[in-house]
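Student: this is a predicted model, with the sequence first.
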Amino acid sequence: MSASENRWGDLRARLISAVVMILVAAVGIWLGGMVFTVLVAALTGLMLWELGSMTRLAKAPPHDRSALVVAGLGVLCLAFALASPLMIGASALLVPALALALTQRRDRGLAALWAAGTMIAGFGLVTLRSEVGMAAIVWIVLVVVISDVMGYFAGRVLGGPKFWPAISPKKTWSGTVAGWVGAALVGGVFWASGMAPFGIILLSALVSFAGQMGDIAESWIKRRTGVKDSSDLIPGHGGFLDRFDAMTGAVVLVMLLSLLMPLPFPVGG
């Protein structure tokens, strides 16, 4: 296989999987309500299961079900948090992280931090859809997707110096910057259409950077636990953690910033 064929060898599988995920996500985002909530809860549970499986001890017995327990706990806690007052619900979001921190596994601290981020992201997606509207979800999804796509192609076409080779050897500076540009363009479209204030452009670039950091953080966990993909559930993409790591970082940043200041969210839907 030539270098060129190897460079694009996974593109077909990635595209097919991406189309399926986009269709499922589009239906969930459009319908909102319980459909979107169930979709996000299922995604949260799958990501927690992958995290628990990745960090389980090598000597763990074959019948170890701790990853499934953490996943189920995450779904239940997310449902409780969404149905409870904010402060009580916020504490429930940390329960899966505490469960991982208190069980014997590799890199318990990292696992707990990522579990907390996963729960916050799940809570944030449902909250944004219900309280801000569909346009806010469409915006954040487009920012993450366009940033990832532009980074993917720019990194492979332009190449160049690596962004953080010790943790994510494939990520280049050209791809990273292309992701920021793509995200800013997404924000520019929302501003030009009158759906959001001018600040959406800067916010989009910041959200893109947070998504890239989420990607790098997940790569760090995989490198430390010695796995290539979080699972093989999505052809061409690995697992749900591999695919939604950037979304996790992006939504966590949005939720944290929203606690500090009003954000220029797109409105509609």
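Tutor: Now that the structure is in, tell me what you want to look at.
Student: average model confidence for stretch 192-209?
Tutor: Taken as a whole, stretch 192-209 has a mean pLDDT of 96.
Student: buried sites along that stretch?
Tutor: Going by neighbour count (16 or more other CB atoms under 10 Å), the buried part of stretch 192-209 is 195-196, 200-201, 203-209. All C-beta spots, glycine's among them, are computed from the backbone N, C-alpha and C.
Student: likewise for stretch 172-191?
Tutor: 172-187, 189-191.
Student: on that earlier part again, now the buried residues of stretch 192-209 in CSV, with distance to R65 and secondary structure?
Tutor: Compiled in CSV, the buried residues of stretch 192-209 are given as follows (distance: CB to CB, whole Å; DSSP: H, G, I helix; E, B strand; the rest coil):
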residue, distance to R65, secondary structure
M195, 46, coil
A196, 45, coil
I200, 44, helix
I201, 47, helix
L203, 41, helix
S204, 41, helix
A205, 42, helix
L206, 39, helix
V207, 36, helix
S208, 37, helix
F209, 37, helix
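Student: nearest to I88, of the residues you listed?
Tutor: Ranked by distance to I88 (CB to CB), those are led by V207 at 27.9 Å.
Student: in this structure that closest one contacts L142, no?
Tutor: No. Contact criterion CB atoms under 8 Å: V207 and L142 do not qualify, at 10.3 Å.
Student: how about the helices in this protein?
Tutor: 3-7, 11-31, 33-54, 66-83, 86-92, 95-101, 108-127, 134-158, 173-192, 200-225, 240-260 (DSSP state H).
Student: what are the contacting residues of the fifth one?
Tutor: Residues outside helix 86-92 that contact it (CB atoms under 8 Å, 6 or more residues apart in numbering) are 77-78, 80-84, 123.
Student: again, 10 Å this time
Tutor: 73, 76-84, 98, 119-120, 123, 127 (CB atoms under 10 Å, 6 or more residues apart in numbering).
Student: output the below-cut-off pLDDT ranges for this structure.
Tutor: 1-11, 61-63, 159-161, 165-166, 169, 236, 269 (pLDDT under 70).
Student: select the longest strand from it.
Tutor: When the chain is parsed with DSSP state E, its longest strand is strand 168-172.
Student: identify all contacting residues around it.
Tutor: For strand 168-172, contacts defined as CB under 10 Å, 6+ apart pick out 151-152, 154-156, 158-165, 176, 178-179, 212, 215-220, 222-223.
Student: partners of that strand, with directions?
Tutor: Strand 168-172 has its sheet partners listed here by DSSP bridges as strand 162-164 (antiparallel).
Student: and the contacts of strand 168-172, which are buried?
Tutor: Buried members of those, counted by 16+ other CB under 10 Å: 151-152, 154-156, 162-164, 176, 178-179, 212, 215-220, 222.
Student: is G133 in contact with A196, as I believe?
Tutor: No. Contact status for G133 versus A196: not in contact, 11.4 Å apart, counting by CB atoms under 10 Å.
Student: shared neighbours, those two?
Tutor: Joint contacts of G133 and A196 (CB under 10 Å, 6+ apart) are 139, 265-268.
Student: done for today, thanks.
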